[in-house]
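A.B. asks: with the sequence up front, the predicted model follows.
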Amino acid sequence: AQSVTQLGSHVSVSEGALVLLRCNYSSSVPPYLFWYVQYPNQGLQLLLKYTSAATLVKGINGFEAEFKKSETSFHLTKPSAHMRDAAEYFCAVSESMGRRALTFGSGTRLQVQP
Amino acid sequence: DGGITQSPKYLFRKEGQNVTLSCEQNLNHDAMYWYRQDPGQGLRLIYYSQIVNDFQKGDIAEGYSVSREKKESFPLTVTSAQKNPTAFYLCASSIDYGSTDTQYFGPGTRLTVL
C-alpha cells in the first residue's frame, strides 16, 4: 500500500529565505507524486507533479521538487520565500499500477515571517 | 469560466439528520472524487467515480453515500450513520481516472454537527 509522510507539520521561515518542505513516500510500484497548496478555507491547487519524465520538476509560483528514488523522497523547495507563500502544502502519491486515486500526506503549514 | 462549484459553503446539521453536499463541474471531466479533511490528517478519500453511473468506495466510505447520474454532478450524502461528520469536505474532478491526471478541487463545504 502506498503512503506519504510529511516531516514537520509546521515550518516557519523568514521572507526571502529558502523554503524546504519534506515528503517521503512508500510505494511498491513506480509512483507518481504531486504537491498541492491550500490557502485558508479554500480548495487545493496543484503546484507541480512528477510523472516519470524529468526528476527535477518545476511548478508554479517559483516552486520546484526533485524526485529521488534512492531516498524515496520528493521534497518541495523555493529559493526565496514570499509572504504570499504562507499556506498549507500537501504531498500526494498515486501508483502506476493498482491504486490510481491520490493518497495524501498530513500536510505542512508554512508560515512566512516578515 | 470552467471549474468546480460546491454548495453550501457552510452547513450545520443536527445529530440524526442526513445532509447532502452538492458538487458540480463544467470541465467535462469523467472522474470525480470526494475527500474529507480533518486538522492534522490531510485528505482522506470517501468515494470516487470513474464515469457516469459508476462509483466506488474509498478509504472511509462508511456513513456516506453518493450518486453519479449526470457527468457534471456528484452529490455526497452524509447519513446519520456517520458518527463524526464534522469536517471540511472537498470535491475534485479529473479528466480521466488516470494515475497522472491532475485533480482540480472545489472550494469545499464545512459541515458542523450541532
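C.D. replies: In hand now; what should we look at?

A.B. asks: near chain A, which residues of chain B?
C.D. replies: B:4, B:33, B:35, B:40-45, B:48, B:58, B:90, B:92, B:97-100, B:102-108, B:110 (Cβ under 8 Å from any Cβ of the partner chain). No exception for glycine: its C-beta is placed from N, CA and C like everyone else's.

A.B. asks: inside strands: which ones of the residues you listed?
C.D. replies: Counting by DSSP state E, the residues of chain B next to chain A place B:I4, B:Y33, B:Y35, B:L43, B:R44, B:L45, B:Y48, B:L90, B:A92, B:Y104, B:F105, B:R110 in strands.

A.B. asks: quick check on those residues: which are buried?
C.D. replies: Burial by neighbour count, 16 or more other Cβ atoms under 10 Å in any protein chain shown: within those this picks out B:I4, B:Y33, B:Y35, B:L43, B:R44, B:L45, B:Y48, B:L90, B:A92, B:Y104, B:F105.

A.B. asks: for beta bridges, what are the partners of the fourth one?
C.D. replies: The residues paired with B:L43 through beta bridges, assigned by DSSP bridges, are B:Q37.

A.B. asks: with the first one instead?
C.D. replies: When bridges are assigned using DSSP bridges, the partners listed for B:I4 are B:Q25.

A.B. asks: retrieve the pLDDT associated with it.
C.D. replies: B:I4 is assigned a pLDDT of 96 by the prediction.

A.B. asks: and it, what is it in contact with?
C.D. replies: By Cβ atoms under 8 Å, 6 or more residues apart in numbering or on different chains, the contact list for B:I4 reads A:G43, B:C23, B:E24, B:Q25, B:L27, B:C91, B:A92, B:S93, B:Y104, B:F105, B:G106, B:P107.

A.B. asks: what does chain A have sitting close to chain B?
C.D. replies: Proximity of chain A to chain B, by Cβ under 8 Å from any Cβ, involves residues A:4, A:9, A:32, A:34, A:36, A:41-46, A:49, A:51, A:90, A:92, A:94-96, A:100-107.
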